[in-house]
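Engineer: need a structure here:
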Amino acid sequence: MDARSAIMESLDPMMVNGHNQDDLFLTNGQGRCNSAMITSSSKSSIPDVVTHDLQSLNLHGGADDCRSFLLLDQTEQLSVDSGTLFCTKLGCDASSSGKVISILGNTGEGKSHTLNHTFFNGEDIFATSNQQESCTSGVWTSFDPNLQVVVLDTEGMLGLASNENIRTRLLLKVLAVSDVVIYRTRAERLHNDLFYFLGDASKAYNKHFKQELNRMGEQNSYSETLEQSVSSLGPTVIVFHETMHTDILAKSNGGDPERTLRERFGALKQDISAFSKIRYVGTRSDVSGRTNFGILREAIGKELMDSSIRSPRKITLVYQAFQLLNAKFSGKVVETSHCSFPDEYFTCAAKCQSCESRCGKQMKHTGEHTSASGKKCIFSVQYENKIYTCQKCQENGRKCVVVPKAASSKEGSIVGLVNFAWSGFVLECQKCGVIYRSRQQWYGNTDPEHQGVVHTEIAHVWPGVRSLQGTQNAARRILDSMTMISGTVSDVSSAPAASLARWAADQVAPTYWRPNADIVNCHHCNKRFDTTDKIHHCRACGEGFCSTCSAFQRPVPERGWGFQAVRVCKPCYNATAQGILEASGPSLEPNEVQVRKVGETVYGTVSSLANALEFPISILKDSARPDYWVPDHEISSCAVCDKDIGTTTPSSQEIIGVHHCRQCGQGVCNKCSATRRPVPTRGWDTPVRVCDDCLMMPED
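Structural biologist: Sure, this is the predicted structure:
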């Protein structure tokens, strides 16, 4: 039995006699006692001998060797100048090796008290206090010769600090150098700040500290040892959770505390890949408030004996690691003021698509968005967020916005488009007229900013805006002209011209055909013809039929139509199938049939001209779309009345065409865009289609 076991037996023989000595202590290969566990149950009421009965007993060689000292102050300055001096103040030899154990947590959680009772048998190695002010400032350190570990005590989080960000950075340095990190909490339930802090620490270790420690390993003569013990994997984290009124995370009923912690990290979207292990040590204090530190010491002992991930390193390298991180990550950090209710909770969530500035207006505000801080935007080629104003008007105290457009307001459509093809786009001021053409010369043309004719501002691009300019509308003007021609030609087959078309058909009809003027209903199904319905004649009997009842074809040589299949009605077609052929009238002269064939060709050509023009328009429409217009495939409903339009219209309803407002570029139905007015800010000087929403806004 070693000396420490003899002391334990002399203080409380029942404790040793009642339990196997191997259950109380963990012993390393040299026979040194590493930890003592009174009981593994967090709800045990057995007194903690180490924390209660040995408070005044000093097990170390001398009190002066074990006292802690300040290693890093609040400004991150090291208090010792060399690794040798660091070892001297710790009371160990410069050639000694060991591991580093640190403790983190919020202020007032009893971190210093935990270290004193876990490693130093309750001695006040690290200062404790019952005052509201924290007694630990910066990072303090001491050395446990029994376990051969450097113990680091840190300043608590959430406490008063001159710069909270510097304190957080200091804690991250301690975590990066440590082999085992104890996160101390006495919360009845684990708080989110624990998981957020460790998650952020893991990211910082992977992104910053690991690289620097790797570089130190390459430059140091102990590179192999250092890389294996520090930079290959981060520290083991032990969450030491003490409760009094609530249950701790237990392994009963198949539960796994470590898995529960990892699930909690995952639920908060926190990455903890930097840590080699995450362990949970929970204890529930008895009614007297005494804490069982034995289970914590047992868990630490197991981690210290495990060298598969991190092996002991020379104590001088611990100092060098702090020195390296201090040289790399030090200096001023911007102070952040705490705000429980930031403006983002109450202001509009819209952000500028170019510079990410938030709108400063209240939620659900009306009108345009404005930047919260008056911050100037940055130019984006994607959004073309340059706003040109006439320089001359600017000097005279006026603000006249000019936009690139295909033609000036005084030029006609055709002339303007010809000038656009020859001289490029123009900038026209309402007061000064045309102030710039993009191709005034054969070569060497400069932009309007270099010519000094415009004043440039960079404007914010808020959601829903595709381009602030987007006024290169020459291609769209050409398509609009084609649409107008197509509409004019298509009127030939519309209702006002239906009677004229029927009269013209009668003039070239064979004599056995019933005249269109005498036909009111379909000869077969009695469907009444409307003024716009097409009347078809059977080439066999000559009666008038609807399209459904005359959708059959067969040769009618007896009527002079030769042996080519032509339109016949259903009864005549069925009679042919039954072998009954009977001509109801006299045979026709070949010339009479030829006249009808020519008439059908002319009429069909004129009627289909509109469709022939519509085909290239539908193909070219998207390529000719101005930048600020919403593409047709993104439009599902009218931006004003919210009715389904375009291809999304239900099959039971008539398809509603998609139109674009020339001012806002949104897709609207025809009913909500019946008004026409000029939109000079978009390059439309003549009246064009404008939606009802833009109509409520004042003209620019």
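Engineer: buried stuff in the helix or strand where H450 lies?
Structural biologist: Element membership of H450 [criterion: DSSP states H and E] is helix 448-451. Of the residues in helix 448-451, P448 count as buried by neighbour count, 16 or more other CB atoms under 10 Å. Just so you know, the C-beta spots here come from the backbone N, C-alpha and C atoms, and that holds for glycine as well.
Engineer: and it, C-alpha only, in CSV?
Structural biologist: This file holds the C-alpha atoms of helix 448-451, laid out as CSV (Å, rounded to 0.1, in the frame of the first residue of the first chain):
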residue,chain,number,x,y,z
PRO,A,448,-20.4,59.7,-71.3
GLU,A,449,-18.6,59.9,-68.0
HIS,A,450,-15.3,60.7,-69.7
GLN,A,451,-16.9,63.3,-71.9
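Engineer: what's next to the next helix or strand after that helix, contact-wise?
Structural biologist: Downstream of helix 448-451, the first helix or strand assigned by DSSP H and E is strand 454-458. When contacts are defined by CB atoms under 8 Å, 6 or more residues apart in numbering, strand 454-458 is touched by residues 376-379, 385-391, 394, 402, 427, 435-436, 448-449.
Engineer: out of these, which are buried?
Structural biologist: Listed as buried from the contacts of strand 454-458 are 377, 385-391, 402, 427, 435-436, 448; burial here means 16+ other CB under 10 Å.
Engineer: farthest pair in the residues you listed?
Structural biologist: The distance between the two most remote of the buried ones among the contacts of strand 454-458 (CB to CB) is 24.4 Å, for C377 and I435.
Engineer: quick one, grab the pLDDT at C429.
Structural biologist: pLDDT recorded at C429 is 87.
Engineer: hmm, C390 and it touching each other?
Structural biologist: Yes: using CB atoms under 8 Å, C429 is in contact with C390, at 4.1 Å.
Engineer: now do the shared contacts for those two.
Structural biologist: Both C429 and C390 are in contact with 400, 402, 435, where contact means CB under 8 Å, 6+ apart.
Engineer: could you list the low-pLDDT ranges of the stretch 1-150 of the chain?
Structural biologist: For the stretch 1-150 of the chain, the stretches flagged by pLDDT under 70 are 1-66.
Engineer: how are the helices of it distributed by residue range?
Structural biologist: With DSSP state H, counting those that start in this stretch as the criterion, the stretch 1-150 of the chain has helices at 3-11, 13-17, 21-24, 49-52, 63-66, 83-90, 111-119.
Engineer: repeat that for the stretch 501-650 of the chain.
Structural biologist: Using DSSP H, counting those that start in this stretch, helices in the stretch 501-650 of the chain cover 570-577, 590-620.
Engineer: low-confidence stretches in the stretch 201-350 of the chain?
Structural biologist: Applying pLDDT under 70 to the stretch 201-350 of the chain flags the ranges 216-232, 251-254, 337.
Engineer: need the strands for it, in chain order.
Structural biologist: Ranges of strands in the stretch 201-350 of the chain, per DSSP state E, counting those that start in this stretch, are 234-243, 275-284, 313-314.
Engineer: adding distance to C546 and mean neighbour count, write these out as CSV.
Structural biologist: Output for these, formatted as CSV (distance: least, CB to CB, whole Å; neighbours: other CB atoms under 10 Å):
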stretch, distance to C546, mean neighbour count
strand 234-243, 83, 24
strand 275-284, 80, 19
strand 313-314, 97, 20
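Engineer: out of those, which is closest to S79?
Structural biologist: strand 313-314 (20.0 Å).
Engineer: off-centre distance for that closest one?
Structural biologist: Mean-position distance between strand 313-314 and its chain equals 45 Å (CA atoms, centre = their mean, to the nearest Å).
Engineer: tell me which strands that strand pairs with, and in which orientation.
Structural biologist: Take DSSP bridges as the rule and strand 313-314 pairs in its sheet with strand 97-105 (antiparallel).
Engineer: residues contacting the closest residue to F126 other than its chain neighbours?
Structural biologist: Excluding the flanking residues, the one nearest F126 by CB to CB, 6 or more residues apart in numbering is S112, at 3.9 Å. S112 is in contact with 126-128, 135-136, 153, counting by CB under 8 Å, 6+ apart.
Engineer: ditto for H191
Structural biologist: T185 are the contacts of H191 under CB under 8 Å, 6+ apart.
Engineer: and if you look at the one 10 residues further on?
Structural biologist: Residues in contact with A201, defined by CB under 8 Å, 6+ apart, are 171-172, 175, 274.
Engineer: related to what we said a few turns ago, if you average pLDDT over each of the helices of the stretch 501-650 of the chain, which is lowest?
Structural biologist: Lowest mean pLDDT within these: helix 590-620, at a mean of 52.
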